[in-house]
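Peer 1: Any chance you could fold what I've pasted below:
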Amino acid sequence: TVTNGPPARPALALPGAHQGLIGLRERAELLGGSLESGPSEDGGWQVRLRLPDRRS
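Peer 2: Residues are numbered from 1 along each chain as shown. Okay, the predicted model is just below:
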């Protein structure tokens with residue numbers, strides 16, 4: 001889990017395809033896991049990646 005607190009100043013939109021979290025979620029699912037993202041209670045943002053433990 002990665003949690004960022006609220007920004008000190010408004011974030012600027014960066015150019016790009018805007019597919020980052022979608023691509024991460026798709027790759028997590030290919031590995032049998034999941035990715036969740038959304039706002040945190042303090043106004044920041046949280047990303048949680050869960051992958052199965054495949055150790056023998």
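
Peer 1: pretty sure residue 35 contacts residue 51?
Peer 2: No. Applying CB atoms under 8 Å as the test, residue 35 and residue 51 come out as separate, 9.4 Å apart. All C-beta atoms are positioned from the backbone trio N, CA, C, and that covers glycine.

Peer 1: Those two: which is more packed in?
Peer 2: Each of residue 35 and residue 51 has its neighbours counted (other CB atoms under 10 Å); residue 35 has more, 18 against 11.

Peer 1: what's the offset of stretch 35-43 from the middle of its chain?
Peer 2: Distance of stretch 35-43 from its chain centroid, counting by CA atoms, centre = their mean, to the nearest Å, is 9 Å.

Peer 1: buried residues in it?
Peer 2: Using 16 or more other CB atoms under 10 Å as the test for burial, stretch 35-43 gives residue 35.

Peer 1: Could you do stretch 22-36 as well?
Peer 2: The neighbour-count check on stretch 22-36 (16+ other CB under 10 Å) flags 25, 28, 35 as buried.

Peer 1: could you dump those residues to CSV with distance to residue 4, secondary structure and pLDDT?
Peer 2: Formatted as CSV, the buried residues of stretch 22-36 follow (distance: CB to CB, whole Å; DSSP: H, G, I helix; E, B strand; the rest coil; pLDDT from 0 to 100):
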residue, distance to residue 4, secondary structure, pLDDT
25, 18, helix, 94
28, 19, helix, 95
35, 16, strand, 96
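
Peer 1: which among those gets closest to residue 2?
Peer 2: Comparing the buried residues of stretch 22-36 against residue 2 with CB to CB picks out residue 35 as the nearest, at 11.0 Å.
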